[in-house]
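Asker: Show me how the following folds:
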Amino acid sequence: MSSTTKFRRRGRGSVALIALLLFGSSGLRVGLSAQSAMANTSESSSKEQSASSETISAKELSTDEEVSTLLSTLLQREKTVKEMELKLDLRAKSLDVAQQEVERRITALEAMENKLRSTLAQADSAAENDIARLTTVYENMKSPDAAALFEAMEPAFAAGFLGRMRPDAAAGIMAGLSPQAAYTISVLLAGRNAKVPKS
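Answerer: Predicted structure coming up:
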């Protein structure tokens, strides 16, 4: 083997070694770049995940606050409705009590009215009985004595009695009166029914 051939083989080995070193250096650079890129991507992804987590957390917080506000509003409305129901219930009870009191008073007034009506009827009946009795007494008196009594009476009062008497007894009393008293009583007796409607 010649020296030229040996030199060529050595040259090829050096070139192969240099090429291998270049490829290794290139591969190492590519690996480092890839690792750096992956680290950046991982960091970016981590940041994005962190930002996304913060966004979700903020949304959840916002949603929780809205739910809390809504719940508080609903509870307040329920409280207001219960208060209104309580007031309405109290008002209804008050109205029931008032109605019972009104009914009790109406019943008492009706009882008093009936009692008063009965008392007035008794009084009217008693007064009528008294007048009828007095009329009978005057009718049975002697005409001159009755005439003297009627002369002293108020004309309207005397006319009331004379109008209730039997005609013969009234005529006897009228005959014993003074002309002025007899005239006045006659006018009152004649005008007593003048205001009564004719039809």
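
Asker: show me the contacts for the residue lying closest to Ala148 once chain neighbours are set aside.
Answerer: Once its chain neighbours are removed from consideration, Ala148 has its nearest residue in Gly176; the separation is 7.3 Å (Cβ to Cβ, 6 or more residues apart in numbering). All C-beta atoms are positioned from the backbone trio N, CA, C, and that covers glycine. Shown here is Gly176, whose contacts under the criterion Cβ atoms under 8 Å, 6 or more residues apart in numbering are Ser143, Pro144, Ala146, Ala147, Ala148.

Asker: and the residue nearest to Arg192 when sequence neighbours are not counted, what does it touch?
Answerer: Leaving out its chain neighbours, the residue that sits closest to Arg192 by Cβ to Cβ, 6+ apart is Gly163, at 6.5 Å. Under the criterion of Cβ under 8 Å, 6+ apart, the contact partners of Gly163 comprise Ala170, Leu189, Arg192.

Asker: host element of Gly163?
Answerer: Counting by DSSP states H and E, the element that carries Gly163 is helix 155-164.

Asker: I'd like the mean pLDDT over the helix or strand that that helix is followed by, please.
Answerer: Helices and strands here follow DSSP H and E; after helix 155-164, the next one along the chain is helix 167-176. Mean pLDDT, taken over the full extent of helix 167-176, equals 92.

Asker: what angle separates helix 167-176 from helix 155-164?
Answerer: Here the directions of helix 167-176 and helix 155-164 differ by 150 degrees (axes from the mean of the first three to the mean of the last three Cα atoms, to 10 degrees).

Asker: Could you list the domains of the chain?
Answerer: Using automatic domain parsing, the domains assigned to the chain come out as 74-127, 141-191.

Asker: Looking at those, which one is packed in the most?
Answerer: Comparing the domains of the chain by mean neighbour count (mean count of other Cβ atoms under 10 Å), domain 141-191 ranks first with a mean of 16.

Asker: ok so, going back, can you lay out the contacts of Gly176 as CSV showing distance to Leu74?
Answerer: CSV is the format used below for the contacts of Gly176 (distance: Cβ to Cβ, whole Å):
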residue, distance to Leu74
Ser143, 103
Pro144, 105
Ala146, 98
Ala147, 101
Ala148, 101
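
Asker: So which of those residues belong to strands?
Answerer: Judged by DSSP state E, strands contain none of the contacts of Gly176.

Asker: Out of those, the closest to Lys82 would be?
Answerer: The shortest distance between Lys82 and any of the contacts of Gly176, using Cβ to Cβ, involves Ala146 and amounts to 86.9 Å.

Asker: re the thing from before, do me a favour and average the pLDDT over the helix holding Gly163.
Answerer: What helix 155-164 shows for mean pLDDT is 91.
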